[in-house]
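Trainee: Sharing a model that was predicted from the sequence below.
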Amino acid sequence: MKKLFTAFSLLFLFGISNAQVELWLGPKAGVNLANVSNIDGKSLIGAYGGAAFAIKFSERYALQPEIGFSMQGTNDIYNTNEELTLNYFTLGVINKLYIVDGFHILAGPEFNFKVNDTFSDWNGDDYYDEDGNWIGGSDPQPFDFTIVGGLGYDLPFGLTFEARYKQGLQDVMDFINWDNDTKSRLNQVFQFGIAYKFHMNK
């Protein structure tokens with residue numbers, strides 16, 4: 001099995017090196033306008049940043065793996081002036097479809113791993129059943145799976161402008177029955193930013 005995987009990887013790399021593809025690598029950064037559904041709060045303004053590696057297989061399609069950091073959450077929860085800040089390390093795999101020169105639509109999955117949060121700081125209770133067994137705590141979920149979609153435009157000299165929407169699919173408060181209801185509280189983030197790509201095979 002290991003030999004088969006190695007052979008497949010070599011064939012894939014050989015195919016990329018011999019095909020007429022473009023390889024890009026570069027930084028990306030921007031502003032988040034974030035919220036969490038079914039929580040009475042206001043939008044939280046944060047930031048995101050990271051790096052992207054892209055393989056443009058054809059004039060119309062590129063695959064772009066990404067790594068980064070994203071500041072999300074919601075603000076002024078229930079008019080208490082408290083923030084629910086959720087900071088994530090992110091891994092994404094973005095598909096780009098070019099409609100005309102430079103202009104593209106993008107979509108793909110993103111895996112979010114919580115680095116830290118502020119909810120635990122001001123609501124740090126543990127929860128126990130009637131027998132004294134621990135059944136949960138107030139820490140938000142350590143992981144969120146999201147879907148990303150948006151639009152972008154590449155300038156000829158390497159600068160890219162992007163507007164994205166990021167929808168979480170996992171309840172960020174799944175560890176506790178907050179408010180004694182069953183509503184899901186999902187990350188919802190608008191992202192506006194720029195990226196710069198360096199061509200690696202030109």
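Mentor: Now that the structure is in, tell me what you want to look at.

Trainee: Beyond the worst-scoring helix or strand of the chain on mean pLDDT, next helix or strand please.
Mentor: Ranked by mean pLDDT, DSSP states H and E, the weakest helix or strand in the chain is strand 134-137, scoring a mean of 46. Once strand 134-137 ends, the next helix or strand along the chain (criterion: DSSP states H and E) is strand 143-154.

Trainee: Report the distance from that next one to the chain centre.
Mentor: How far strand 143-154 lies from its chain's middle: 7 Å, per CA atoms, centre = their mean, to the nearest Å.

Trainee: So in that sheet, which strands flank that strand, and in what orientation?
Mentor: strand 103-117 (antiparallel), strand 159-168 (antiparallel) (DSSP bridges).

Trainee: could you dump these to CSV with distance to G68 and mean neighbour count?
Mentor: All C-beta spots, glycine's among them, are computed from the backbone N, C-alpha and C. Formatted as CSV, those follow (distance: least, CB to CB, whole Å; neighbours: other CB atoms under 10 Å):
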stretch, distance to G68, mean neighbour count
strand 103-117, 9, 16
strand 159-168, 11, 18
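
Trainee: Turn those strands into JSON lines, columns for mean pLDDT and distance to G73.
Mentor: Below are the strands paired with strand 143-154 laid out as JSON lines (pLDDT from 0 to 100; distance: least, CB to CB, whole Å):
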{"stretch": "strand 103-117", "mean pLDDT": "96", "distance to G73": "7"}
{"stretch": "strand 159-168", "mean pLDDT": "97", "distance to G73": "11"}
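
Trainee: can you redo the ones you listed as TSV with distance to W24?
Mentor: Converted to TSV, the strands paired with strand 143-154 look like this (distance: least, CB to CB, whole Å):
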stretch	distance to W24
strand 103-117	13
strand 159-168	9
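
Trainee: residues of stretch 74-81 that come out buried?
Mentor: Buried residues in stretch 74-81, counting neighbours by 16 or more other CB atoms under 10 Å, are found at 74-75, 77.

Trainee: now, which of these sits nearest N201?
Mentor: T74 (42.8 Å; CB to CB).

Trainee: Not counting residues beside it along the chain, what's closest to that closest one?
Mentor: G41 (3.6 Å; CB to CB, 6 or more residues apart in numbering).
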